[in-house]
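Asker: Coordinates for the following, if possible.
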Amino acid sequence: MDDLEKAVLISFDETGTVDSALKSQAVAFCQQIKESPTVARVCIEKLVFCKLVQVQFWCLQTVQEVISGRYSLLSLEEKDFFRKSVFSLCGFDGIDDENAVRLLEGPAFIKNKLAQVLVTLIYFEYPLLWSSVFVDLLPQLSKGAKVIDMFCRVLNALDDELISLDYTRTADETVIANRVKDAMRQQCIGQIVRVWYDIVCMYKNTDQELCSGVLDTMRRYISWIDIGLVMNDVFMPLLFELILVDGSSEQLRGAACSCVLAVVSKRMEPQPKLNILQGIQIGRVFGLVTGDSDSELVSKVAALITGFAVEVLDCSKRVSTEDAKRVSTELMNEVLPSVFYVMQNCEVDSTFSIVQFLSSYVATMKSLSPLTEKQLVHVRQILEVIRSQIRYDPAYRNNLDMLDKIGREEEDRMFEFRKDLFVLLSSVGRAAPEVTQVFIRNALNSAVASSSDVNVEEVEAALSLLHALRESLSDESIRNGSGLLSELVPMLISTRFPCHSSRSVALVYLETITRYMKFVMENTQYIPMVLTAFLDDRGIHHQNLHVSRRASYLFMRVVKLLKAKLVPFIEKILQQSLQDTVSQITSMDFTSNQCSGAEDGSHIFEAIGILIGMEDVPVEKQSEYLASLLTPLCRQIEVLLMNAKILNPEESPAKVANIQQIIMAINALSKGFSERLVNASRPAIGLMFKQTLDALLQILIAFPKIEPLRSKITSFIHRMVDTLGASVFPYIPKALEQLLAESETKEMVGLLVLLNQLVCKFNTSVHGILEEVFPTIAGRIFPIIPRNGFPSGPGTNTEEMRELQELQKTLYTFLHVITTHGLSSVFLSTKSRAYLEPTMQLLLYTACHHKDTVVRKACVQIFIRLIKDWSVGPYGGEEKVPGFQSFVIEVFGTNCCLYSVLDKSFDFRDANTLILFGEIVVAQKVMYEKFGNHFLIHFVSKSFQSAHCPQDLAEQYCQKLQGADIKAFRSFYRSLIENLRGQQNGNLVFR
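Answerer: Numbers count the residues shown, from 1 in each chain. Here you go, the predicted structure:
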């Protein structure tokens, strides 16, 4: 063993026993040899005599790199040496030395690498320099199976490395691939196909693995060779003989199937393709697909059948003659039963999309009316395929009931998987509505009839079909009970499935009823059955918590739809069906996170609120119902608050969670009561809610630092503002005082949103409240918000920074709401005066620099409103706000209205920026209207001068500003700014 062989072995070592320094040294040595001008001859010699496969592979790799990397630098002699050497190593020419190693006897990866080396030569030399390469190969095949195998590997490598369209190719590679294919078509492909045929005939009984390899190679080439070379009276009978004869190996029969599929899939004009499809007589293989579904042969036959069907369908869309359409219909009718069998019983080839194929087939039916009997049979089979595809695997039944990690993953997977199938169902439902509805009815009947231990998945699938069918139905057809709907919906509502305890069945059952409620709205005789379904152990009283909570939400939606139609049933709903559920929801341990979000249990209270909050309910009954709910809930709050101080740390989270739940329940309950009802027509109801609000505000005193409780109370106050209207005022100061006392950054956002709601609803009526709270808010927020913007760069995108940015944005909205609702005098109150200057500076910086142009626009609008509110007019008089006029003219006018728009970051191509620019133009008009020449003289003589504005443009500015056409002024001012930008020397300094 010489040094090179040792170095290669060391560099290829994967055991980890070789010293890393020694391995690095070996790699460096090998690299040094590679760079030697004689490395090719060294490698060829090693390939002839060295038996070490690592060395063989390294040498083959090196030879390939030399050819591909240095080909243009090689001499004619070197090229000829490579040609002869590689040809000989492939076994296509003898090597006389009896000590020579035969690479064809080596492992597969060595032979594949050798094939790649020969293909690299073909890439550079065929057909211009080595035109005879394939012709030279063919006579050598008589040497036997090993040479034939090598020949196949070369052709496979040629396909992989150059010809196949499965890989991305460069433009140069595509040109060379086309050149190689054209030359082969003209010179030798016919001979190669004949050789393939002869080899298969010769070896089909003695070496079926070799024949399989030959056919696999042929499959690759069928897509671009003359189809007549294979689709003829010689080769096709041989392929079908191989497929149909029992004695052959599955590998060989499968390879023959793949060749026929390649013939079927070859791109060509529709009429010739249809002739080929007709001539194949595909029916001969249908019986094979009923074998062992796990076998390779059945998989290949299934792929052939589905591929054939895809091509027939494609032809049927493209042919134009009636005769051709008739033939394609006959072929489709012949193959579809086997296609449906494959879809339901076999592992479908990954390249075949069941949904895509069936959707295309159904699309062809839309133009046909009525459908033929054969097509109606196909529709039923398509529906059966959909049903079988959407069924859950029973192995996941317990996981789906418990909804553990495995159950959640399977549910999510099936949700995505079913989407396209349900779209297909909708298409089928539109093409053949009656057949679809009959199928679903029969599926439901069949599911109900089967034994409970096996029908969970069947029932769930049948219900899911009915649920998805809704997409293909109009609201009108549901209301009228068109087709079988007048039978299906009552059947759905009245059925008690043996497997109703299953979570998945119970959920889809309730969801489906909800989807068809428009039918019940028109057919009110079914309302009692709907109520029973939602209120018994199929719904809200279901043993599974997830189901009962979802049932509460869906019941709330049903109540919203039926509303007044439910008045006769309120007594029964509240007294008989929901009493236990209501008390249970407010006494559960909600620290266990069993359910969350939209299904937290408060929906049942929202449903009750909608029921009892209608004016159709007699006033005495309404008061009785509401008191029966609010009184015990408030009493629970009182008890919990009495014990608040003596709670130990272990008890506290559970009690806080219970309080949260009660607040959410009352909040949800109040949604059913309108402001008009509680304040005008039935004030006694309003009084109950006021007493409840007073009770809940005590929570802020008992638990002043519990953020979730403060958040829930804030949410309830929002609700009471909408429900109680102005009568909520007496409670607001106390609430705001408590909320402000311990508020963090995130809570301040919620508080500002609440104040925005109050201002927007009551306008100047909240002036007193704002006067009290604004100084506290300003004192809390201004110190923590940076006046000159937020820092950027690494490490600044923290949760704390995002919360501050959200607070700043909400503050601007708050200030905007105050000024636009006639409340700007709040800023001038004695307590707020100290914050006037910081407020103006913050607004100024934001109007000029904020990254969000929408926020900048809001700040400019605030200044416009303040100018209107606080100025005394152009003819003088005592200023309402001393110094405000000069600040606006000299600072806001110059920096915001001129310098900020001169900055090139002010992009006129952006839609939001154009809107901001419009507000800046309006600001100048307002300043001129309110300040007259005081503004105009300063802006022209000072601001324009600092921006080097030409005198003629300044004069035009004065004329346009004083004119009445604001659109003309805006257009002129934009052109002025763009003009000034073009002549700007140096940066302007913002003051």
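Asker: Lys942 touches Thr894, doesn't it?
Answerer: Yes: counting by Cβ atoms under 8 Å, Thr894 is a contact partner of Lys942 at 7.2 Å. For every residue, glycine as well, the C-beta is placed using N, CA and C.
Asker: Comparing those two, which residue is more hemmed in?
Answerer: Between Lys942 and Thr894, counted using other Cβ atoms under 10 Å, Thr894 has the larger neighbour count: 21 against 14.
Asker: In which helix or strand does the more buried one reside?
Answerer: Using DSSP states H and E, Thr894 maps to helix 893-894.
Asker: for that helix, packing partners?
Answerer: Where contact means 3 or more Cβ pairs under 8 Å, 6 or more residues apart in numbering; DSSP states H and E, helix 893-894 is packed against helix 911-931.
Asker: Identify all contacting residues around the helix it packs on.
Answerer: By Cβ atoms under 8 Å, 6 or more residues apart in numbering, the list of residues contacting helix 911-931 from outside reads 853-854, 856-857, 860-861, 863-864, 867-868, 871, 873-874, 885, 888-889, 892-893, 896-897, 900-901, 906-908, 935-936, 939, 961-962, 966, 969-970, 973-974.
Asker: Filter these down to just the buried residues.
Answerer: Among those, those buried by neighbour count (16 or more other Cβ atoms under 10 Å) are 853, 856-857, 860-861, 863-864, 867, 871, 885, 888-889, 892-893, 896-897, 900-901, 906, 935-936, 939, 961, 969-970, 973-974.
Asker: before we move on, back to that, model confidence over the helix or strand just after the helix holding Thr894, on average?
Answerer: Sequence order places helix 900-902 as the next helix or strand after helix 893-894, per DSSP H and E. Helix 900-902 shows an average pLDDT of 94 in the prediction.
Asker: Which other helices and strands does helix 900-902 contact?
Answerer: helix 836-849, helix 911-931, helix 966-982.
Asker: Past the shortest one, which element shows up next along the chain?
Answerer: Using DSSP H and E, the next helix or strand after helix 836-849 towards the C-terminus is helix 853-870.
Asker: what's the angle between that next one and helix 911-931?
Answerer: Between the axes of helix 853-870 and helix 911-931, defined by axes from the mean of the first three to the mean of the last three Cα atoms, to 10 degrees, the angle is 10 degrees.
Asker: tell me the angle of helix 853-870 relative to helix 836-849?
Answerer: 140 degrees.
Asker: which residues are in contact with helix 853-870?
Answerer: 809, 812-813, 815-816, 819-820, 824-825, 843-844, 846-850, 879-881, 884, 888, 892, 896, 910, 912-913, 915-916, 919-920, 922-923, 926-927, 930.
Asker: just the buried members of those?
Answerer: 809, 812, 815-816, 819-820, 824-825, 843-844, 846-850, 881, 884, 888, 892, 896, 913, 916, 919-920, 922-923, 926-927, 930.
Asker: center of this protein, which residue is that?
Answerer: Nearest to the geometric centre of the chain sits Glu416, at 10.4 Å (Cα atoms, centre = their mean).
Asker: Quick check, pLDDT for that one.
Answerer: So, for Glu416, pLDDT stands at 95.
Asker: And it, how close does it get to Ser765?
Answerer: 52 Å (Cβ to Cβ, to the nearest Å).
Asker: Repeat that for Ser248.
Answerer: Ser248 sits at a distance of 93 Å from Ser765 (criterion: Cβ to Cβ).
Asker: same question, Ser142
Answerer: In terms of Cβ to Cβ, Ser142 sits 105 Å off from Ser765.
Asker: ditto for Ser367
Answerer: 65 Å.
Asker: Those two - which one has more neighbours?
Answerer: Neighbours were counted for Ser367 and for Ser765 using other Cβ under 10 Å; Ser765 has more, 13 against 7.
Asker: Who are the contact partners of the more buried one?
Answerer: Ser765 neighbours (Cβ under 8 Å, 6+ apart): 726, 729.
Asker: Over to it. Which of the three states is it?
Answerer: Applying DSSP: H, G, I helix; E, B strand; the rest coil to Ser765 yields a three-state assignment of helix.
Asker: try Asp233
Answerer: Applying three-state DSSP: Asp233 is coil.
Asker: Can you name every helix or strand that the lowest-mean-pLDDT helix or strand in the chain contacts?
Answerer: Ranked by mean pLDDT, DSSP states H and E, the weakest helix or strand in the chain is helix 579-585, scoring a mean of 74. Packed against helix 579-585 by the contact rule (3+ Cβ pairs under 8 Å, 6+ apart) you find helix 603-612.
Asker: where do the strands sit along the chain?
Answerer: Taking DSSP state E as the test, none of the chain falls into strands.
Asker: Low-confidence ranges, it, go.
Answerer: Scanning the chain with the threshold set as pLDDT under 70 gives 94-101, 350-351, 451-454, 585-601, 645-651, 874-877, 984-991.
Asker: Show residues contacting stretch 325-338.
Answerer: So stretch 325-338 is contacted by 274, 277-278, 282-283, 286, 289, 305, 308-309, 312-313, 315-316, 319, 361, 374, 378, 381 (Cβ under 8 Å, 6+ apart).
Asker: If we use 7 Å, what do you get?
Answerer: If you take Cβ atoms under 7 Å, 6 or more residues apart in numbering as the criterion, stretch 325-338 is touched by 274, 277-278, 282-283, 286, 289, 305, 308-309, 312-313, 315-316, 319, 374, 378.
Asker: Please apply the same query to stretch 252-272.
Answerer: Contacts of stretch 252-272 (Cβ under 7 Å, 6+ apart): 208, 211-212, 215-216, 218-219, 222-223, 227, 230-231, 239, 242-243, 276-277, 280, 296-297, 300-301, 303-304, 307-308, 311, 315, 318-319, 324.
Asker: Is it possible to mark the buried ones in these?
Answerer: Buried among these by 16+ other Cβ under 10 Å: 208, 211-212, 215-216, 218-219, 222-223, 227, 230-231, 239, 242-243, 276-277, 280, 297, 300-301, 303-304, 307-308, 311, 315, 319, 324.
Asker: Among those residues, which ones are in helices?
Answerer: 208, 211-212, 215-216, 218-219, 239, 242-243, 276-277, 280, 297, 300-301, 303-304, 307-308, 311, 315, 324 (DSSP state H).
Asker: before we move on, the earlier item: want to throw the helices and strands packed on helix 900-902 into JSON lines with distance to Asp13?
Answerer: Converted to JSON lines, the helices and strands packed on helix 900-902 look like this (distance: least, Cβ to Cβ, whole Å):
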{"stretch": "helix 836-849", "distance to Asp13": "62"}
{"stretch": "helix 911-931", "distance to Asp13": "63"}
{"stretch": "helix 966-982", "distance to Asp13": "67"}
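Asker: Any idea which of the ones you listed gets closest to Val200?
Answerer: helix 911-931 (68.5 Å; Cβ to Cβ).
Asker: so what secondary structure elements neighbour the longest helix that the chain contains?
Answerer: Ranked by residue count under DSSP H, the longest helix found in the chain is helix 405-431. Under the contact criterion of 3 or more Cβ pairs under 7 Å, 6 or more residues apart in numbering; DSSP states H and E, helix 405-431 touches helix 354-365, helix 373-390, helix 397-402, helix 456-469.
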